[in-house]
Structure formats: structure tokens, C-alpha cells
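*Asks:* starting from these lines, generate the structure:
(one chain, ligands or ions: 2)
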Amino acid sequence: MQAKIDAFMEEVRARNAHEPEFLQAVQEVAETVIPYIASQEIYNGKNILLRMVEPERAIQFRVPWVDDKGEIHVNRGYRIQMNSAIGPYKGGLRFHPTVTMSVLKFLAFEQVFKNSLTTLPMGGGKGGSDFDPKGKSDDEIMRFCHSFMSELFRHIGPNTDVPAGDIGVGGREIGFLFGMYRKMRNEFTGVLTGKGLSWGGSKIRPEATGYGTVYFAQNMLDTKGESFDGKTVVISGSGNVAQYAAEKATQLGAKVVTLSDSSGFIYDKDGIDADKLAFVMELKNVKRGRIHEYCDKYPSAEFHKGKTPWGIKCDIALPCATQNELNGDDAKTLMDNGCMCVSEGANMPSTPEAMHAFQKAKILFAPGKASNAGGVATSGLEMTQNSLRFNWTRAEVDEKLTQIMADIHASCVEYGTEDDGSVDYVKGANIAGFVKVADAMLAQGVV
Ligand SMILES: NC(=O)C1=CN([C@@H]2O[C@H](COP(=O)(O)OP(=O)(O)OC[C@H]3O[C@@H](n4cnc5c(N)ncnc54)[C@H](O)[C@@H]3O)[C@@H](O)[C@H]2O)C=CC1
Ligand SMILES: O=C(O)CCC(=O)C(=O)O
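*Replies:* Residues are numbered from 1 along each chain as shown. Ligands and ions are numbered 1, 2, ... in the order given. Okay, here's the model as predicted:
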């Protein structure tokens, strides 16, 4: 079997030699899905996985924009339309200087499996730009978003491809992008998700990824008779996902003791309660400041410059910042300190070494494509509400989100339960996500 996986990866590597993040994401899927394919007669000779690693379409475009001093800049824009076998392409836009074709292809590939797991009819895509929003004025952000959409609009649509937010793209950016789309097309449709509540957005969409990550962890903890109540939780990041993961974990009785950004992490041994979290939300979402400013407001907290929070003793870890932020040594430190559960809010935050260490130790470990699927699932609910021209209440959306996370957990258990009764959530998520897309591709022929 290993020879089959190696031969497959060799072929993928030859075509994508300079795309390390993409190769990492494909390898993780290949390790679990290739043995499954080999065990299922219907996939024999269909080359399904090789077809799935090739994007249906990869668009790259120029994004020129003018700063507040009148200087002209040029960035690169992308949209990867990975797979539309089960629905329109769906996935976020990332604005960050580290964005490359490799990063977006890894995210788009993961999105295909994640969206399939949600049970909703959404294909997978991802896009973005190497534009750095840090330090830019609102007007500069607006001009950039308008320029970006003045090209992207011709490639997307409510039945074709429905982008949303990701790192560096939140409510403000979705507003500017939507405004330009509406103008260029002269139509008001649900072409983006994460919209404001008064112009087509869904309740709970801002909260959904963080809440969903906690709901998924809660489902895993339930299998061991455990809960968040009284647990110490370490969270990385301080953006959208981290903020709402912290909120929900705290509501469930846990004590969240860390948050981070790319400059380091803060450790508040007394816990980041609702008032302190409101300060972080204002700091990050309105003032767009740095996380160390938390310590100016709450001097008993410590700032650890240039460090990640994995050395802090905890019961539960929620990596919610970015890819490859938790390595093999971090995984060992977490487990040595008694961490029993890791639920990924970010996409691929654990390196392969970290992931293998968690799997080997059989602690509760959820890969992002399962545990952070609540965001895109609620985007799917936003699309439904837009089509119906109707709005569900907060309680209705939260109930649907809770059920979807429980269903994803059940799918992982179905496909990931080992002979000894333990659950390999990586294997479960990959195979469950694969089956639905692969079966649709088989039914539709070689297209
Ligand atoms: N927004 C959403 O609905 C979803 C987001 N995700 C994933 O969650 C993660 C976080 O995304 P958002 O919270 O939406 O973005 P955001 O832009 O709101 O926040 C990103 C956070 O990550 C931190 N960060 C970025 N690069 C970092 C680095 N090199 N080291 C340490 N911290 C770093 C930032 O300081 C910030 O706190 C990403 O991996 C994203 O792909 C996954 C599913 C859905
Ligand atoms: O809501 C969406 O469409 C996409 C969210 C996203 O980018 C993700 O799940 O990684």
C-alpha cells in the first residue's frame, strides 16, 4: 500500500514541484484515502484522486490600486475553482502577503472535502491575494477590494462560485467586494457570504467557525464522558475564528488563558472572560491593534514575544491562527502537559509530524476540514436564506449549526473507527469527505 501512495505522490509532486503546502495537504489525504479506494471495487481504474488534485480552473489576475498618497501598487489576485461535482465552488478569500498559488491550492483542496462533510451541496474553491491589509486605511482597503472584484466578478456568481472571508477578509472587505459586484452585474444576489445582516447576511455567520470548532470538540469530549466545564483552554490567533472559539468555550464553563497574533501570545492565568474578550474584539476588529496591547489594559497578563502558546499547560488546545503553526515538538509538549483534545479552528495548523504524534497517542484530535466546517456550513445556510429571500432567527441558525457539527462528527466516527474502538478523525474526515464527491464524479462521467 505504501508503494501505491508513494507512486501517487511522485506523480503529484512532478506536476506541482514548487507547491509545498499543496503537496502536504494532498499527502495527508492520500495516506488515508488511497487504502480506502483500493478496498472499494467501484473506484477501480477511475483515477478519481488524481482527477481531484487537479483544479477544474485556476485563475490569476492583476490587481492594481492607488494608495492614499496617490502611489500605484500592483498585487496578484487568484481564484482556484477546485471541484464543482456536488455544487457551486464555495470557499473564502485570503488577503495576506504569504498568499501563493500553493497556499490557495492547499486551501481549495481541503475545502472540497470540508464542504462535502457539511452535508450541504457545495463544491470547493479558494482565492485571495498577496495584498497585506496591515496598516492600510479603510479607503485603501476599499480601493483594493474594488479593483480585485472588477476582475473576479466575471468568474463568480450565485450558481457558479460563491466566495467568503478568510484571513484578512472580514465583514468590512465583504462589503466593499459585494458593492462592486452589485454595480458591475447590476443585480443583487447571494454571490458572497459573510454579508452584513441588513443586506443578505445570516445570523451567526461571524460566530460560526469558532462556535463550530468548539461544538466539534464537545462532540469528541462526549465520547469520553468529558466536557468543557472547568477545563483550561489554550487558543492561538485573535481573529474571527479565535475570538468566537474563546467566546463559546467560556460560555461552556472553560477558562481560556491564551490568544496570539504573528508577534507573539498573551497568557492570562485568570482567564479571558467575556469583558476581556470584548476588549480584544474592539482592539482587533475596530482599532486593528496588536495583541500585546492586552497587557497594557490587563497588567497581570504576560506577553510572550515571538512565541506560540503551546507550552502553556492546558486540557484542550484550539489552534485558530494559520497553517503549520503547531509542530511535532509542540504536540509532544502539549501532550506531556496533559492536553487531551485538539480541535483545529485554522486550516492545516498542525504539521504532519504533529498530526502523526496526536494520531499515534490516540488523543482526541480533529483536523480542520471537520472541526472548522461550521463556518462554511453557515455560509451554505446563508445561501439558502438568500435563495428563499428569508431570514432564520439566531436560535434557528445555531440549532442547524449544532446539528451539522454533530453529523460531521458522526461521519468521522463511521469512517474513522479503528479495530480497538478508537476514532481516527483524520481518516474518518478524509474518507467521508471523499466518498460523496467521488460518487458524484463517477455518476457524471469523465468531465
Ligand atoms: N473565517 C472563517 O470563517 C474560517 C477561517 N478558517 C481558518 O481559520 C484561520 C484564521 O482565520 P480568521 O480568523 O478568519 O482570520 P483573521 O484574519 O480574522 O485572523 C487571523 C489570525 O491569525 C493570526 N495570524 C496570521 N498569521 C499568523 C502567524 N504567522 N502567526 C501567528 N498568528 C498569525 C492573525 O494575527 C489573526 O489573529 C485560518 O487558517 C483560516 O483559513 C477556517 C474556516 C473558516
Ligand atoms: O464560508 C465560506 O465560504 C468559506 C470559509 C472558509 O474559507 C473555510 O472554510 O476555510
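*Asks:* in the helix or strand where residue 379 lies, what counts as buried?
*Replies:* Residue 379 is part of helix 374-388 when elements are defined by DSSP states H and E. Applying a neighbour-count criterion of 16 or more other Cβ atoms under 10 Å, the buried positions in helix 374-388 are 374-386. Quick note: C-beta positions are derived from backbone N, CA and C, even for glycine.
*Asks:* what of stretch 347-365?
*Replies:* Neighbour-count burial for stretch 347-365, counted by 16+ other Cβ under 10 Å, picks out 347-351, 354-359, 363-365.
*Asks:* now for those: which two are most distant?
*Replies:* For the buried residues of stretch 347-365, the maximum inter-member distance is 20.3 Å, found between 347 and 363 (Cβ to Cβ).
*Asks:* touching whichever helix or strand comes after the helix holding residue 379 from outside, list them.
*Replies:* If you walk from helix 374-388 toward the C-terminus, the next helix or strand you reach (DSSP H and E) is helix 394-416. The set of residues that contact helix 394-416 without belonging to it, under Cβ atoms under 8 Å, 6 or more residues apart in numbering, is 36, 117-120, 202-204, 208, 211-212, 215-216, 219-220, 223, 366, 370, 373-374, 377-378, 381, 392, 423-429, 431-432, 435.
*Asks:* may I see the buried residues of helix 394-416?
*Replies:* Neighbour-count burial for helix 394-416, with 16+ other Cβ under 10 Å as criterion, is recorded at 397-398, 400-402, 404-405, 408-409, 411-413, 415-416.
*Asks:* in the chain, what residue is nearest ligand 2?
*Replies:* residue 92 (2.5 Å; Cβ to the nearest ligand atom).
*Asks:* for that residue, helix, strand, or coil?
*Replies:* Per DSSP: H, G, I helix; E, B strand; the rest coil, the secondary structure class of residue 92 is strand.
*Asks:* count of neighbours near it?
*Replies:* Using other Cβ atoms under 10 Å, residue 92 has 27 other residues around it.
*Asks:* try residue 17
*Replies:* Applying other Cβ under 10 Å, we find 9 residues neighbouring residue 17.
*Asks:* mind starting the numbering at 2 from now?
*Replies:* All right, first residue 2 from here; so that's residue 18.
*Asks:* around ligand 2, pick out the residues from the stretch 2-151 of the chain.
*Replies:* With the criterion set to Cβ under 6 Å from any ligand atom, the stretch 2-151 of the chain comes near ligand 2 through 91-93, 112, 115.
*Asks:* make a markdown table out of the residues you listed and add pLDDT and distance to residue 127.
*Replies:* Rendered in a markdown table, the data for these read as follows (pLDDT from 0 to 100; distance: Cβ to Cβ, whole Å):
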| residue | pLDDT | distance to residue 127 |
| --- | --- | --- |
| 91 | 98 | 9 |
| 92 | 98 | 4 |
| 93 | 98 | 6 |
| 112 | 98 | 6 |
| 115 | 98 | 11 |
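*Asks:* ok, those residues vs ligand 1, which is closest?
*Replies:* Nearest to ligand 1 among those, with distances taken as Cβ to the nearest ligand atom, is residue 93, at 6.0 Å.
*Asks:* thought residue 116 was touching that closest one, still the case?
*Replies:* No: taking Cβ atoms under 8 Å as the contact criterion, residue 93 and residue 116 are not neighbours in contact, 11.4 Å apart.
*Asks:* would you map the strands across the stretch 202-351 of the chain?
*Replies:* Per DSSP state E, counting those that start in this stretch, the stretch 202-351 of the chain has strands spanning 233-237, 256-262, 265-268, 303-306, 317-320, 342-344. These are given in chain order.
*Asks:* elements contacting the helix or strand containing residue 29?
*Replies:* Counting by DSSP H and E, the element that carries residue 29 is helix 21-39. Under the contact criterion of 3 or more Cβ pairs under 8 Å, 6 or more residues apart in numbering; DSSP states H and E, helix 21-39 touches helix 3-16, helix 49-53, helix 102-118, helix 353-362, helix 426-445.
*Asks:* run the last query once more with 6 Å
*Replies:* The elements that helix 21-39 packs onto, with contact taken as 3 or more Cβ pairs under 6 Å, 6 or more residues apart in numbering; DSSP states H and E, are helix 3-16, helix 102-118, helix 426-445.
*Asks:* which other helices and strands contact the shortest one?
*Replies:* Contact here means 3+ Cβ pairs under 6 Å, 6+ apart; on that basis helix 3-16 packs against helix 21-39.
*Asks:* now the angle between helix 3-16 and the helix it packs on, please.
*Replies:* Counting by axes from the mean of the first three to the mean of the last three Cα atoms, to 10 degrees, helix 21-39 points 140 degrees away from the direction of helix 3-16.
*Asks:* next one: helix 21-39 to chain centre, how far?
*Replies:* What separates the centre of helix 21-39 from the centre of its chain is 18 Å, taken as Cα atoms, centre = their mean, to the nearest Å.
*Asks:* and for stretch 432-441?
*Replies:* 19 Å.
*Asks:* that one near ligand 2 anywhere?
*Replies:* No: interface with ligand 2: stretch 432-441 contributes nothing (Cβ under 6 Å from any ligand atom), its closest point being 12.5 Å away.
*Asks:* and that stretch, what's its mean pLDDT?
*Replies:* Across stretch 432-441, pLDDT averages out at 98.
*Asks:* hmm, back to that, any chance of the buried residues of helix 395-417 in a markdown table with pLDDT and distance to residue 138 as columns?
*Replies:* As requested, these are arranged in a markdown table below (pLDDT from 0 to 100; distance: Cβ to Cβ, whole Å):
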| residue | pLDDT | distance to residue 138 |
| --- | --- | --- |
| 398 | 98 | 33 |
| 399 | 98 | 35 |
| 401 | 98 | 38 |
| 402 | 98 | 35 |
| 403 | 98 | 39 |
| 405 | 98 | 38 |
| 406 | 98 | 38 |
| 409 | 98 | 40 |
| 410 | 98 | 43 |
| 412 | 98 | 45 |
| 413 | 98 | 44 |
| 414 | 98 | 48 |
| 416 | 98 | 48 |
| 417 | 98 | 47 |
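*Asks:* okay if I get those residues as JSON lines plus distance to ligand 1?
*Replies:* Conversion of the buried residues of helix 395-417 to JSON lines gives the following (distance: Cβ to the nearest ligand atom, whole Å):
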{"residue": "398", "distance to ligand 1": "14"}
{"residue": "399", "distance to ligand 1": "16"}
{"residue": "401", "distance to ligand 1": "16"}
{"residue": "402", "distance to ligand 1": "12"}
{"residue": "403", "distance to ligand 1": "17"}
{"residue": "405", "distance to ligand 1": "14"}
{"residue": "406", "distance to ligand 1": "13"}
{"residue": "409", "distance to ligand 1": "13"}
{"residue": "410", "distance to ligand 1": "17"}
{"residue": "412", "distance to ligand 1": "18"}
{"residue": "413", "distance to ligand 1": "17"}
{"residue": "414", "distance to ligand 1": "22"}
{"residue": "416", "distance to ligand 1": "21"}
{"residue": "417", "distance to ligand 1": "20"}
